[in-house]
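K.L.:
fold the following and give me the result.
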Amino acid sequence: MSTLTSTISHLLHRPSSPTDIFAPVSTPAQSIFNLSLFVMGITACIFVVVGGLLVYSAVRFRKRKADDGREPAQVYGSLQVELSWTLIPVLITLVLFLATARVVFAVEDADRPLGGVDVTVIGHQFWWEYRYPGLDVVTANELHVPVSDPDHPTPTFLKLYSADTDHSWWVPRLAGKTDLIPNFPNRTWIEPHETGLYLGQCAQYCGTQHAKMLLRVYVQSREDFDAWVKEQREKAQLPRDDLASEGKKVFEQVACINCHTVAGTPANGRFGPDLTHLMSRATIASGVAMNTPENLRRWLENPAAIKPGCLMPAMGLTKRQLDAVTAYMVSLR
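P.N.:
Numbering: from 1, shown residues only. Model prediction:
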């Protein structure tokens, strides 16, 4: 037991990573973590008891030199033993069932206090769309939520939809794995108590780029979150130089506007990410590459070179068009 205790202590106090399941920072993730410790404690006790009985039996009833070789007296049937190995597992199973059901119902039937944030999450092959219905904000791949004050909880409630095939939203430090199933709306919620960046990814195989359908959740102070919302509500700024203006014309003349939206322009597509504030994001291609002008140009030239199997086609732009569209993308802040 001392080894188990030291192991748990190490897991609880070691430096945490953005995907560390042993360092929950959100109410539902903490509930799941506590349940896992409870289950691990019970199973550890079972292991110690069963292992101890096996060792005791092997030592106590080992063959000795004084044995005459005759088979010991056989005992057939024992009501006490049969009741023990039947009732004890039943009781253990019942306790585990009740503990699990308690956590499941607590997570599923969470209260919705005032000040909570609603987000609609739509899984696409192979990126994430986030819509804030009450805030008039649309973004992609990077979810922003406010930190929750324990004295005045402000959880974030997520409605989960799939645009094509099965996906699964899982950020280990914030909540349990929740599936997105076509034509079946699902839901989950998070209530983070620490600011920071938390990572996850699609946890249900959904195609060739499943492994690169990454999740980034930014937990911000209420002031920073409100400032972010204000920025995201603004329409795209007009290009400030000739090259970016030329790129805007190219963007609107080719098929880009059929898939992407840029608020305040003719582009209103829904198949690809909203690009109105593209440069406010740290990454592109659902977290695969950092959002730099160089990576943007590579992405526009040949998306499959960065993310093989992605559904965005190479548009066959000339070098001049690539430079112009990249300049326009960089202006979308």
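K.L.:
low-confidence ranges in the stretch 201-333 of the chain?
P.N.:
Counting by pLDDT under 70, the stretch 201-333 of the chain contains no low-confidence segment.
K.L.:
so which residues of it form strands?
P.N.:
Secondary structure of the stretch 201-333 of the chain (DSSP state E, counting those that start in this stretch): strands at 214-220, 283-284, 289-290.
K.L.:
and the last one, what does it pack against?
P.N.:
I take that to be strand 289-290. On a contact count with 3 or more CB pairs under 8 Å, 6 or more residues apart in numbering; DSSP states H and E, strand 289-290 meets strand 283-284, helix 293-301. C-beta coordinates here come from the backbone N, C-alpha and C atoms, glycine included.
K.L.:
and of the strands of the stretch 201-333 of the chain, who's closest to residue 27?
P.N.:
Nearest of the strands of the stretch 201-333 of the chain to residue 27, taken as CB to CB: strand 214-220 at 12.8 Å.
K.L.:
tell me, how many residues neighbour the closest residue to residue 287 other than its chain neighbours?
P.N.:
Take residue 287 and drop its neighbours on the chain: the residue closest to it by CB to CB, 6 or more residues apart in numbering is residue 214, 3.2 Å away. Using other CB atoms under 10 Å, residue 214 is surrounded by 19 other residues.
K.L.:
doesn't residue 198 make contact with residue 214?
P.N.:
No - applying CB atoms under 8 Å as the test, residue 214 and residue 198 come out as separate, 11.7 Å apart.
K.L.:
dump the residue contacts of the residue nearest to residue 295 when sequence neighbours are not counted.
P.N.:
What sits nearest to residue 295 in space, not counting adjacent residues and going by CB to CB, 6+ apart, is residue 289, at 4.5 Å. Residue 289 is in contact with 283, 295, 298, 299, 306, counting by CB atoms under 8 Å, 6 or more residues apart in numbering.
K.L.:
contact partners for the spatially closest residue to residue 245 that is not a sequence neighbour?
P.N.:
Nearest non-adjacent residue to residue 245, counting by CB to CB, 6+ apart: residue 239, 4.4 Å away. Counting by CB under 8 Å, 6+ apart, residue 239 touches 245, 247, 248, 327, 328, 331.
K.L.:
got it, and residue 274?
P.N.:
129, 138, 139, 140, 260, 261, 262, 263 are the contacts of residue 274 under CB under 8 Å, 6+ apart.
K.L.:
ok, now residue 113?
P.N.:
Residue 113 neighbours (CB under 8 Å, 6+ apart): 152, 153, 154, 155.
K.L.:
which of these count as buried?
P.N.:
153, 154, 155 (16 or more other CB atoms under 10 Å).
K.L.:
so which of these comes closest to residue 312?
P.N.:
So of the buried ones among the contacts of residue 113, ranked by how close each gets to residue 312 (CB to CB), first place is residue 155, at 33.9 Å.
K.L.:
tell me how many other residues surround the closest residue to the closest one other than its chain neighbours.
P.N.:
Closest residue in space to residue 155, ignoring its immediate chain neighbours: residue 191 at 4.0 Å, by CB to CB, 6+ apart. By the criterion of other CB under 10 Å, residue 191 has 24 neighbours.
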